[in-house]
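Q: Can you look at this prediction? I've put the sequence above it.
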Amino acid sequence: MEGRIQAVRGMKDILPGEVETWQAVEALARKILEIYGFSEIRIPLLERTELFARSIGEATDIVEKEMYTFRDRSDISVTLRPEATAGILRAYIQHGLYRTQPFQKFYCIGPMFRYERPQKGRYRQFHQIDAEILGSPDPRCDAELLAMLRTLFEGMGLRELDFQINSLGCRSCRPSFKEAILSFLRDRETRLCEDCRRRLQINPLRIFDCKVPQCQENLRGAPQTLEHLCGPCRDHLESLERHLNSLEIPYTVNSLIVRGLDYYTRTIFEVISSDLGAQNAVCGGGRYDNLIEELGGPDMPAIGFAIGEERLVSLLLEGGRQRSRPPLDLFVVAVDARAESEAFLWLDRARRLGLRAETDLRGGSLKSQLRRAHKLSARRVLILGERELHQRRALLKAMDSGEQEEVPLDRLEAQMAEWVQGLREEK
Ligand code: AMP
């Protein structure tokens with residue numbers, strides 16, 4: 001016999017037991033995103049490789065080392081999406097969405113793929129909740145995204161998160177920062193790793209992402225973006241800070257964050273948790289005021305973020321905030337084979353009315369069926385046997401009190417409708 005096939009390394013199954021927490025996270029995220037005015041957009045998992053190379057940047061770790069890229073049967077180079085922003089912008093430009101409504105807010109929830117070294121909080125298939133505001137340079141957009149994140153995290157009961165912001169400047173002030181970095185690193189160049197020496201030529205900012213300790217060492221005392229911001233970029237950051245203060249969103253300015261993608265301009269931010277270990281960012285985002293134009297669209301500023309769902313769920317699980325399946329409303333027992341068909345009918349009626357109802361499709365003894373009802377934490381059990389059917393009655397047992405009553409079958413549907421009403425009121 002051949003060996004069992006395992007999942008691909010870095011790709012995780014989300015099994016029942018854990019998936020309920022994912023569902024709750026996504027349901028709350030959707031609710032809050034809609035409250036804040038975002039519309040869902042669904043984009044393909046696969047895009048032309050060029051889209052990511054041009055947007056994320058040739059010198060980034062993602063494009064250099066981490067993309068799942070292959071040629072399809074038409075010999076076109078395609079890539080499994082490593083992030084959502086590029087695809088959303090491609091769709092926005094391709095469908096001319098900016099013509100009818102230049103200002104748009106989108107969200108997208110789904111899997112991303114990066115060939116990274118797997119470890120806790122880092123996978124090769126992972127999931128993001130992504131939000132983008134397209135079409136305005138106003139710092140209120142930046143503040144709105146952070147405010148929405150606060151609402152979302154608070155809604156999940158997560159309070160100990162650190163919002164860190166920074167500004168990377170714009171086309172007019174970034175060159176002076178790059179120049180300063182280059183001159184700072186000029187006599188340290190030989191002590192940088194090979195990758196960083198190459199990055200120095202293409203995009204020196206990327207050296208800040210390098211994990212090699214010696215490179216980090218050599219960056220100590222390096223110039224900071226904040227020292228090189230032009231007037232408008234400084235004003236933008238100050239205005240964002242004023243809004244965050246007035247919304248009472250705690251934050252810190254951390255001039256060391258640069259984010260791993262090339263397209264960012266001005267505001268960038270991360271949401272950090274000290275409970276996550278080495279991979280401590282739950283969310284990352286920033287402005288990309290030139291990217292839409294660089295991808296062939298109109299000259300339009302924008303900003304977005306992506307939350308890492310694995311890390312968010314792990315915070316919830318570790319904080320004892322996991323969700324489980326709600327208990328069953330009804331378990332239907334057929335005492336013997338002759339009652340099966342009638343029991344099956346009532347099971348379906350119950351479900352059509354909206355009750356979470358189950359039976360044991362394997363049949364089995366009354367005792368084993370009741371055991372299963374217990375295991376599934378059913379609130380009520382409906383027992384149908386030949387005798388009950390003969391009398392057009394069913395036996396109804398409340399599992400918490402153990403109370404039993406006989407219900408005439410011609411009243412059962414009305415009774416089920418009452419339970420449904422009761423459930424609605426409970427919510
Ligand atoms: P990025 O798209 O790199 O800005 O990342 C945004 C967020 O996605 C991060 O803060 C993480 O929470 C999450 N994330 C990024 N890469 C991974 C990965 N390989 N595995 C799990 N989560 C990830």
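A: That came in fine, so what should we check first? Numbers count the residues shown, from 1 in each chain.

Q: so Leu247 makes contact with Ala143?
A: Yes - contact criterion C-beta atoms under 8 Å: Leu247 and Ala143 qualify, at 6.4 Å. All C-beta atoms are positioned from the backbone trio N, CA, C, and that covers glycine.

Q: Show me which of those two is the more surrounded one.
A: Ala143 (21 against 13; other C-beta atoms under 10 Å).

Q: so who does the more buried one touch?
A: Contact analysis of Ala143 by C-beta atoms under 8 Å, 6 or more residues apart in numbering lists 240, 243-244, 247, 249.

Q: number of nearby residues for the closest residue to Glu64 other than its chain neighbours?
A: Spatial nearest neighbour of Glu64, chain neighbours left out: Glu58 (7.4 Å); criterion: C-beta to C-beta, 6 or more residues apart in numbering. Look at Glu58: counted by other C-beta under 10 Å, it has 12 neighbours.

Q: Over to Gly385?
A: Neighbourhood size, Gly385 [other C-beta under 10 Å]: 18.

Q: got a list of what it touches?
A: When contacts are counted by C-beta under 8 Å, 6+ apart, Gly385 touches 334-336, 339, 395.

Q: what about 10 Å?
A: 333-336, 338-339, 342-343, 366, 394-395 (C-beta atoms under 10 Å, 6 or more residues apart in numbering).

Q: for the strand or helix carrying Leu149, the distance to its chain's centre please.
A: Using DSSP states H and E, Leu149 sits within helix 139-155. Relative to the centre of its chain, helix 139-155 is centred 15 Å away, using C-alpha atoms, centre = their mean, to the nearest Å.

Q: Point out where the protein drops to low pLDDT.
A: Scanning the chain for pLDDT under 70 picks out 1.

Q: ranges for the helices of the stretch 1-150 of the chain?
A: For the stretch 1-150 of the chain, applying DSSP state H, counting those that start in this stretch gives helices covering 19-35, 49-56, 61, 85-94, 97-100, 139-155.

Q: mind checking which of those helices is nearest the ligand?
A: Of all the helices of the stretch 1-150 of the chain, it is helix 85-94 that lies closest to the ligand, at 8.1 Å by C-beta to the nearest ligand atom.

Q: what helices or strands is the closest one leaning on?
A: For helix 85-94, the packing partners by 3 or more C-beta pairs under 10 Å, 6 or more residues apart in numbering; DSSP states H and E come out as strand 46-48, helix 49-56, helix 97-100, strand 104-113, strand 125-134, helix 291-294, strand 302-308.

Q: and the residue of the protein nearest the ligand?
A: Residue of the chain nearest the ligand, by C-beta to the nearest ligand atom: Gly308 (2.1 Å).

Q: Which single one of the contacts of Gly385 is nearest to Leu412?
A: Minimum distance to Leu412 across those is 6.2 Å, recorded for Ala394 (C-beta to C-beta).

Q: Secondary structure of that closest one: a strand, I assume?
A: Yes - counting by DSSP: H, G, I helix; E, B strand; the rest coil, Ala394 is part of a strand.

Q: residues in contact with it?
A: Contacts of Ala394 (C-beta under 10 Å, 6+ apart): 332-333, 339, 342-343, 346, 382-385, 388, 405-409, 411-412, 415.

Q: switch the cut-off to 7 Å
A: By C-beta atoms under 7 Å, 6 or more residues apart in numbering, Ala394 lies in contact with 382-384, 388, 407, 409, 412.

Q: Write down the beta-bridge partners of it, one by one.
A: Note on Ala394: beta-bridge partners by DSSP bridges are Val407.

Q: Reformat the helices of the stretch 1-150 of the chain as CSV; add distance to Ser255.
A: Formatted as CSV, those follow (distance: least, C-beta to C-beta, whole Å):
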stretch, distance to Ser255
helix 19-35, 30
helix 49-56, 23
helix 61, 21
helix 85-94, 23
helix 97-100, 33
helix 139-155, 17
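
Q: and of these, who's closest to Phe269?
A: Among those, the nearest to Phe269 by C-beta to C-beta is helix 139-155 (6.7 Å).

Q: Give the other helices and strands that the helix or strand following that closest one contacts.
A: Sequence order places strand 161-167 as the next helix or strand after helix 139-155, per DSSP H and E. Applying 3 or more C-beta pairs under 7 Å, 6 or more residues apart in numbering; DSSP states H and E, we find strand 161-167 packed against strand 252-253, strand 265-273.

Q: if we go to 6 Å?
A: With contacts taken as 3 or more C-beta pairs under 6 Å, 6 or more residues apart in numbering; DSSP states H and E, strand 161-167 sits against strand 265-273.

Q: Which strands or helices does the strand it packs on pack on?
A: Partner elements for strand 265-273 (3+ C-beta pairs under 6 Å, 6+ apart): strand 161-167, strand 281-287.

Q: could these be laid out in CSV, adding mean neighbour count and distance to the ligand?
A: Below are those laid out as CSV (neighbours: other C-beta atoms under 10 Å; distance: least, C-beta to the nearest ligand atom, whole Å):
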stretch, mean neighbour count, distance to the ligand
strand 161-167, 21, 11
strand 281-287, 25, 4
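
Q: Make a markdown table out of those strands and add distance to Val63.
A: Formatted as a markdown table, the helices and strands packed on strand 265-273 follow (distance: least, C-beta to C-beta, whole Å):
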| stretch | distance to Val63 |
| --- | --- |
| strand 161-167 | 22 |
| strand 281-287 | 17 |
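
Q: quick revisit: restrict the helix holding Leu149 to CA atoms and write it as PDB.
A: Output of helix 139-155 as PDB, limited to C-alpha atoms (Å, rounded to 0.1, in the frame of the first residue of the first chain):
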ATOM      1  CA  PRO A 139      -5.500  61.700   6.400                       C
ATOM      2  CA  ARG A 140      -9.000  61.000   7.600                       C
ATOM      3  CA  CYS A 141      -8.900  57.900   5.400                       C
ATOM      4  CA  ASP A 142      -5.800  56.800   7.300                       C
ATOM      5  CA  ALA A 143      -7.500  57.500  10.600                       C
ATOM      6  CA  GLU A 144     -10.700  55.800   9.500                       C
ATOM      7  CA  LEU A 145      -8.800  52.600   8.800                       C
ATOM      8  CA  LEU A 146      -7.200  52.600  12.200                       C
ATOM      9  CA  ALA A 147     -10.500  53.500  13.900                       C
ATOM     10  CA  MET A 148     -12.100  50.600  12.100                       C
ATOM     11  CA  LEU A 149      -9.300  48.300  13.300                       C
ATOM     12  CA  ARG A 150      -9.900  49.400  16.800                       C
ATOM     13  CA  THR A 151     -13.600  48.700  16.500                       C
ATOM     14  CA  LEU A 152     -12.900  45.300  15.100                       C
ATOM     15  CA  PHE A 153     -10.300  44.300  17.600                       C
ATOM     16  CA  GLU A 154     -12.400  45.600  20.500                       C
ATOM     17  CA  GLY A 155     -15.400  43.700  19.200                       C
END
